[in-house]
Structure formats: C-alpha cells, structure tokens
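Colleague: Attaching a predicted model along with its sequence, questions to come.
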Amino acid sequence: MTTPYGNHQLSIYAGGLKGRRPDLPLRYVDLEARARQMLSDEAYWYVAGGAGESSMTANRDAFDRYRLVPRMLTDISVRDLGRTVLGKRQPTPLMIAPLGVQEIIHERAELAVAEAAAAVDVPMILSTVSSFALEEVRSALGATSGWYQLYWPNDDALATSLVQRAEAAGYEAIVITLDTKMLAWRERDLEGAYLPFLQGQGLANYFSDPVFRAGLEQPPEADMRAAVKHWSNVFAAPARTWEDLARLRAATDLPLVLKGVLHPEDALAARAAGMDGVIVSNHGGRQVDGSIAAIDALAGVVDAVGDQIDVLFDSGIRRGADVLKAIALGADAVLVGRPYAWGLACDGAAGVEEVLRRLLADTDLSMALSGVARLDDMSRRSLQQPLPAGM
Ligand SMILES: Cc1cc2nc3c(=O)[nH]c(=O)nc-3n(C[C@H](O)[C@H](O)[C@H](O)COP(=O)(O)O)c2cc1C
Ligand SMILES: CCCCC(=O)C(=O)O
C-alpha cells in the first residue's frame, strides 16, 4: 500500500478529517472510553482487562523506551508499506489478531471484522473461540488472506478436524496459541463472575464440528450445559510438550506459526520442531502478569531465529510509531488487537475499517517523516537503544 492520504498537506488532513466522526474518537483513550459506553461492564472488562495490570502497563511503557531517530533529506515521495509474510507479499504490515468471543462486543462479531479486513486488505487471524463458524468467516473475507488460530484441544481427532476444516475452507496458515493452557487469574472477570463461554458464547467452531458433536449424547441445541461441560474438558491439554507438535505437523500441509513465544530458546525449539514462524506476544498482558513486556522480548527472538523463520509481533500496538519500532527490531508483521475491538464496539465493520485506516495513515506518515520510504528498509539503525526504565 502506498501513501494512504497522499503527500500534500491538504489531502492528508482532508483524509484524516473524513474519518473524524463523533462516534469514533481519534485518540486511543477516547475511542476506548466511547466503546466502554457501548458495552456492558462485563464485556468491557473482558476485553480491556489483563491478568492484573503489570504486564499490560509494561507493554506500553516499554514501547516508550524505544525511540525513533529520524533521518532528513531522503526521497520519501513514493512509499511502500508492504511486507512479505510466510513467503507472500501483503500490502501492509498489519494483521488482525485473533480475539475470541466477539459477539460480546458486536452482534456481527467476526463477520464484521472480516468485512473490514477485506476492505483494507489486512489478513485476519480467526480465533478458535469465535462466535461464527470458521467457514462463514472465511467467506466474509473474500479475496483477503485468513489464518486460523488453534486452541489445541485435548483430543487429537478434534484438533485434526479443526485444522483440516480450516485448510478446506481456504485458510493459509495455522497459528497455535501456546500461552493459554488455562485462563490466568483475571481479577476483573472473577469480580464479575464472567466467563462468556459458559453460556455457550464463542463456541461456534466446536458446536459445528462433527468430532466434537460425536462426543456428546445430545446436540448442543438440545443440551447446552452438557456441551459446555464437554468443551471445558477438551479445550486445552496442560500436559502437552514440544514433542507433541510432530502430530500437528503431520495433520496439515499448511504453515504452522506458534503464538505466545517470549524466550529465545522457545523460538529455537519452534524452529527445531519444523515450525514456519513465531508470534512474540504476552497475550496483551492477559496471561502471565509480571511477564516481560512483549516488545522487550522481540530482539532476542529475532536474533535467535529471525533469519530462518518468520517472526511476528503483538501486544501493545496502538499507533504508527509502535508498528515502526516493532518492524525496526525485526518483526515481519504486527498484529492489531484491542484497538479494532473498540472500533467494532463503536460502529461494527465501519468502525474496524476506520481504525485500521487511521493506523495505516499514521504508520505511513511516521515512516516518511523518519526518512524511510519503504517499510522493508526500516532497521535497528532507525532506533535508539532502549532507555533505562523511568527515563
Ligand atoms: C478480548 C480478547 C480476546 C482474545 N482472544 C484470543 C484468542 O481467542 N486467541 C488468541 O490466540 N489470542 C487471543 N487474544 C490475544 C490477542 O490475540 C493478542 O495477543 C492481544 O490482544 C495483543 O495485545 P493488545 O490487544 O493489547 O495489543 C485475545 C485478546 C483479547 C483482548
Ligand atoms: C478460552 C479462550 C480465551 C480467549 C482468550 O484468549 C482471551 O480471552 O485472552
């Protein structure tokens, strides 16, 4: 994608102003506040909350300790935000992060997000715990790429079924999320006694799966409680170790990407297990509170495996400079999470689309004003070493 709002000051401001609607504030904090008005307290806190506050806050504070060092008098009149991910060129560095159970945010949930992703041609990673079945969401994406995020169930036949359904539907890669063998101690959700899955929300992929259904005495439509109980038994497998990846590797020809990698040695283990990529992420501070800020883990993982497998990044991307910093440190692409959830809450597909367009415009302008014309030319030379905490 080149120059979303052109090069002339008037067209840049006209482009930005076009999107300036009272129901979709421009600043992140205002957007989140507006979304909060649209949501129940429980749903808002489910999205906004973490496991405690420490790692969520650290994700943002750490970004501020990396500083761009702009260069002057380079030709930035024609720009390219494109990146190559898993061997395929995409027009922007953004991908849609898998966020589960989106029906608590908007009734059209992942279908609305898929339409927005298609409008901006940003590939979407669909969660296993989605509110619409993976086949329907794939259709809503049109020609835009989709990846399928697997919560690796405690039943090999179900895992194989989900992965093969994703492959048949046209998803181009499988993301295996490793950091959620169980949900963390999340005080906000515990306070509200809130777990939407227990009402059957976010379980469309399971309820439509023949292997899952075969494990039930009655279909979910006839006995929801039993179906939810079965889901909680099969959702995850705490005993799984690196050796088990071989069975998933054998179940599909699609590229496999591990999400939730923070330690360079885990990145090396991923490569040794034949994985095609990793996503450096602390799940937006929702799992191990007190874990390293995700951006602080990125350089170590890139240095360990970045020349051999793809390294993606999420957890704390809010504005253009964040995208640039992650790419400069060596990420091939970045996943956008909570910001699009707020766009979805405020205005469905149109809200998500607008949030993505604004983030791209900011990324384009910040890149250009840093003196870089092609995102592929961002490197650690554009960054100051991180400042010590508290500076
Ligand atoms: C409401 C919500 C639901 C999420 N659900 C999933 C999920 O189903 N699968 C997954 O791999 N990650 C899930 N995540 C984590 C995101 O994919 C991503 O790692 C995180 O949102 C990044 O942090 P940020 O949104 O603060 O940038 C979820 C995050 C949120 C906020
Ligand atoms: C049981 C799946 C949880 C979804 C998720 O990953 C999250 O809420 O962070």
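Modeller: Everything's here; your move. Ligands and ions are numbered 1, 2, ... in the order given.
Colleague: Please count neighbours and contacts with C-alpha atoms only from this point.
Modeller: Fine.
Colleague: can you pull out the helices in the stretch 151-300 of the chain?
Modeller: Taking DSSP state H, counting those that start in this stretch as the test, the helices found in the stretch 151-300 of the chain are 156-169, 187-191, 204-207, 210-214, 224-234, 245-251, 264-272, 294-305.
Colleague: which stretch among those helices comes nearest ligand 1?
Modeller: helix 294-305 (9.1 Å; C-alpha to the nearest ligand atom).
Colleague: buried set for the closest one?
Modeller: Within helix 294-305, the residues that count as buried by 16 or more other C-alpha atoms under 10 Å are Ala294, Ile295, Asp296, Ala297, Leu298, Ala299, Gly300, Val301, Val302, Ala304, Val305.
Colleague: do stretch 367-386 as well
Modeller: Under 16+ other C-alpha under 10 Å, the buried positions of stretch 367-386 are 367-376, 378-380, 382-383.
Colleague: distance between the host helix or strand of Val352 and the chain's centre?
Modeller: Take DSSP states H and E as the rule and Val352 turns out to sit in helix 338-369. Chain-centre distance of helix 338-369: 14 Å, with C-alpha atoms, centre = their mean, to the nearest Å.
Colleague: Partner strands of the next helix or strand after it and their direction?
Modeller: Elements were assigned by DSSP H and E; along the chain past helix 338-369, the next helix or strand is strand 383-384. Applying DSSP bridges, strand 383-384 is found paired with strand 67-68 (antiparallel).
Colleague: Give me the contact list for the partner strand.
Modeller: The contact list for strand 67-68 (C-alpha atoms under 8 Å, 6 or more residues apart in numbering) reads Ala321, Lys325, Ser370, Ser382, Leu383, Gln384, Gln385, Pro386.
Colleague: Same question for stretch 320-335.
Modeller: 63, 66-68, 83-85, 93-97, 295, 298-299, 302, 306, 310-317, 359-364, 366-367, 375, 378-383.
Colleague: Local confidence estimate at Gln9?
Modeller: For Gln9, the model assigns a pLDDT of 84.
Colleague: Quick check: it vs Pro210, distance?
Modeller: Taking C-alpha to C-alpha, to the nearest Å as the measure, Gln9 falls 56 Å from Pro210.
Colleague: Which residue does the stretch 151-300 of the chain have closest to ligand 1?
Modeller: Counting by C-alpha to the nearest ligand atom, the stretch 151-300 of the chain gets nearest to ligand 1 through Gly284 (3.1 Å).
Colleague: That residue: neighbouring residues, count only.
Modeller: 26 (other C-alpha atoms under 10 Å).
Colleague: re the thing from before, same list (the contacts of strand 67-68) but as a markdown table, adding pLDDT and distance to Leu24.
Modeller: Below are the contacts of strand 67-68 laid out as a markdown table (pLDDT from 0 to 100; distance: C-alpha to C-alpha, whole Å):
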| residue | pLDDT | distance to Leu24 |
| --- | --- | --- |
| Ala321 | 98 | 21 |
| Lys325 | 98 | 26 |
| Ser370 | 98 | 28 |
| Ser382 | 95 | 32 |
| Leu383 | 96 | 32 |
| Gln384 | 93 | 34 |
| Gln385 | 78 | 35 |
| Pro386 | 80 | 33 |
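Colleague: Show me the two of those residues that sit farthest apart.
Modeller: For the contacts of strand 67-68, the maximum inter-member distance is 17.5 Å, found between Ser370 and Pro386 (C-alpha to C-alpha).
Colleague: Wait, the residue of the stretch 151-300 of the chain closest to ligand 1 touches Ala51, no?
Modeller: No: at 9.3 Å, Gly284 and Ala51 do not qualify as touching, with contact defined as C-alpha atoms under 8 Å.
Colleague: From Ala341, how far out is the residue nearest in space to the middle of the chain?
Modeller: When C-alpha atoms, centre = their mean is applied to the chain, the residue found nearest the centroid is Ala97 (1.6 Å). Per C-alpha to C-alpha, Ala97 is found 10 Å from Ala341.
Colleague: can you pull the buried residues of the worst-scoring helix or strand of the chain on mean pLDDT?
Modeller: Between all helices and strands in the chain, the lowest mean by mean pLDDT, DSSP states H and E belongs to helix 9-18, at a mean of 78. Of all the residues in helix 9-18, those buried under the rule 16+ other C-alpha under 10 Å are Ile12, Gly15, Gly16.
Colleague: Can you identify the element that follows it toward the C-terminus?
Modeller: Scanning onward from helix 9-18 (DSSP H and E), the first element met is helix 28-38.
Colleague: who's in contact with that following helix?
Modeller: Contact with helix 28-38 is made by Asp23, Leu24, Pro25, Tyr44, Arg318, Pro339, Trp342, Gly343, Ala345, Cys346, as judged by C-alpha under 8 Å, 6+ apart.
Colleague: Quick check: the gap between Ala157 and Thr3.
Modeller: 47 Å.
Colleague: quick one: which of the two has more around it?
Modeller: Per other C-alpha under 10 Å, whichever of Ala157 and Thr3 has more neighbours is Thr3, with 20 against 13.
Colleague: what about the more buried one, which helix or strand?
Modeller: Applying DSSP H and E, one finds Thr3 in no helix or strand.
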